[in-house]
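Chemist: Quick one, what's the 3D model for this:
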Amino acid sequence: MPTTKRLGLRLTPPAKVDFSKTAIKTFLAASMLFPARAMAQDWSAPATSMLESLESGLVSVAAPVIGVGVIIYGIWAMVTGRIDIMRLAQLVGAGALVIFGPTALRALLSTA
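Modeler: I've put the predicted structure just below:
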């Protein structure tokens with residue numbers, strides 16, 4: 001006979017759970033197994049490598065696109081004889097953000 005029953009104590013669970021269901025058994029088994037595997041390995045490596053790859057890919061694609069945009073805008077300004085300084089400044093600023101933004105972000109996060 002358990003000690004709690006002998007003392008007249010009744011432990012009530014916070015929620016009623018049907019442990020006969022397969023989904024509950026699977027969830028409990030996974031919750032017991034996966035933390036041990038996560039602590040044993042570098043579990044963040046796939047996510048960080050994916051983000052680094054995504055960052056370098058976006059920079060390598062966006063920089064030439066913005067460069068071509070500046071060239072096309074320069075040709076249009078030459079043909080029409082009108083140049084909008086604000087639009088040109090926006091294109092150059094966007095190019096600077098795309099190229100230097102990830103480097104600045106990495107430098108800021110490494111110092112934190």
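Chemist: for the record, mean pLDDT for whichever strand or helix holds Ala63?
Modeler: Under the criterion of DSSP states H and E, Ala63 resides in helix 45-80. The pLDDT scores in helix 45-80 average 83.
Chemist: can you pull the buried residues of it?
Modeler: Across helix 45-80, burial judged by 16 or more other C-beta atoms under 10 Å covers Ala62, Ile66, Tyr73. For every residue, glycine as well, the C-beta is placed using N, CA and C.
Chemist: Give me the average confidence score over stretch 24-34.
Modeler: Taken as a whole, stretch 24-34 carries a mean pLDDT of 75.
Chemist: any idea how far that stretch is from the chain center?
Modeler: 26 Å (C-alpha atoms, centre = their mean, to the nearest Å).
Chemist: mind saving the C-alpha coords of that stretch as CSV?
Modeler: Taking Å, rounded to 0.1, in the frame of the first residue of the first chain, the C-alpha atoms of stretch 24-34 are listed here in CSV:
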residue,chain,number,x,y,z
ILE,A,24,0.2,10.7,-25.3
LYS,A,25,2.7,7.8,-25.0
THR,A,26,4.6,9.0,-28.1
PHE,A,27,4.8,12.6,-26.7
LEU,A,28,6.0,11.4,-23.3
ALA,A,29,8.7,9.1,-24.9
ALA,A,30,9.9,11.9,-27.2
SER,A,31,10.0,14.5,-24.4
MET,A,32,12.2,12.1,-22.4
LEU,A,33,14.5,11.2,-25.3
PHE,A,34,15.1,14.4,-27.2
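Chemist: rewinding a little: which strands and helices sit next to the helix holding Ala63?
Modeler: helix 85-111 (3 or more C-beta pairs under 8 Å, 6 or more residues apart in numbering; DSSP states H and E).
Chemist: which strands and helices sit next to the helix it packs on?
Modeler: helix 45-80.
Chemist: okay, the angle between the helix it packs on and helix 85-111?
Modeler: 160 degrees (axes from the mean of the first three to the mean of the last three C-alpha atoms, to 10 degrees).
Chemist: how far does helix 45-80 sit from the chain's center?
Modeler: Per C-alpha atoms, centre = their mean, the centroid offset for helix 45-80 relative to its chain is 20 Å.
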